[in-house]
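A.B. asks: here's my sequence, what's the structure:
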Amino acid sequence: MKRYSKKSTVKKIKVLESTENNIFCAEIISEPLKSLESKQSRALMVETSKLVEKAWGVFPDTYLEQSILGSYYLLLLRDSADNLVGIAPVRKVKIQRRWVYVFGLTAVHPDYQGLGLMKKMYAHVLTKVFLENMMKGKLAVEFIFITSNALTIGSIAKLARFVYPNPYLINMETGRVDDPDEGTWETVKLFLEEEGEKYRDLQKNGSVMIGFYDDKKDLLMQWGVEQKNKSMQLFVKNYLQPGSGKEVVVRAVISVWELLSAAIN
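C.D. replies: From the prediction side, this is the model:
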């Protein structure tokens, strides 16, 4: 298996739904900006940029470098032919004296979407996060991230003890989710302040941020991934609206037990 770092860990991921290349290998790199040499970093950015372009479209180099090289843990997923087919970066920020982990730009090659690989990647990279926190006696970890990708929200919702907004809890009659609890709402606002994000409006219901793309027009996607689940379809229609420039700020709490269950299943 191709590896970027001799110090990285390697995991095998098996997908029962796949009839051909059902064994994938994941390399998990700790703090790539510090652990990789400049030559390795350049090669990594070339490879990951190609994957992101196939999965989502063209993103500026600076945006990708911040998400990928600036990550705390970075998972790179390869198929049996050693092709890069998935990435899952995680970084961390401090909010009110506690560490909160942030998901970066996650992508799966179009040929392998629909196999549940995003959920598997999250489960494996989060194992690193949980091992770090378990050493400190913490059995649950807090996450927050900004996304317009319903697949990402859905994957986290299937892992988490708590997630807001949760598309699967949407009221099918009103088409709305409940308002966030005050702790979640305060965390969202502090996170955006810490990140220095610019936006025109932040709607409490659904934690929807508007205006995030005002100075990022080249990142605005005009399309969305087709959703089979009716709750998810309604959530995308009412909250994400591909092409509108709307983003959702998601907060999640995941325990070690839910993580272990996801890694096994």
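A.B. asks: quick one: residues contacting G104.
C.D. replies: Under the criterion of CB atoms under 8 Å, 6 or more residues apart in numbering, the neighbours of G104 are 67-68, 70-71, 88-91, 145. Every C-beta, even on glycine, is put in place using the N, C-alpha and C of the backbone.
A.B. asks: what's it sitting at in phi/psi?
C.D. replies: Comment: the main-chain dihedrals of G104 come out as phi -90, psi -160, following degrees, to the nearest 10.
A.B. asks: how much space between it and T9?
C.D. replies: 19 Å (CB to CB, to the nearest Å).
A.B. asks: quick check on the residue sitting furthest away from the middle of the chain: phi, psi?
C.D. replies: Checked against the mean C-alpha position of the chain, the extreme residue using CA atoms, centre = their mean is E173, at a distance of 29.0 Å. Here is the backbone geometry of E173 (degrees, to the nearest 10): phi -80, psi -50.
A.B. asks: likewise for the one 3 residues further on?
C.D. replies: The phi and psi torsions at R176 (degrees, to the nearest 10) take the values phi -120, psi 150.
A.B. asks: same check, this time on L69
C.D. replies: In terms of degrees, to the nearest 10, the main-chain angles of L69 are phi -70, psi -30.
A.B. asks: residues contacting it?
C.D. replies: 32-33, 36, 41, 44-45.
A.B. asks: cool, V249 as well?
C.D. replies: Contacts here follow CB under 8 Å, 6+ apart; on that basis V249 touches 144-146, 188, 191-192, 202, 207-209.
A.B. asks: swap the cut-off to 10 Å and go again
C.D. replies: Taking CB atoms under 10 Å, 6 or more residues apart in numbering as the criterion, V249 is in contact with 144-147, 164-165, 180, 184-185, 187-189, 191-192, 195, 197, 199, 202, 206-209, 212.
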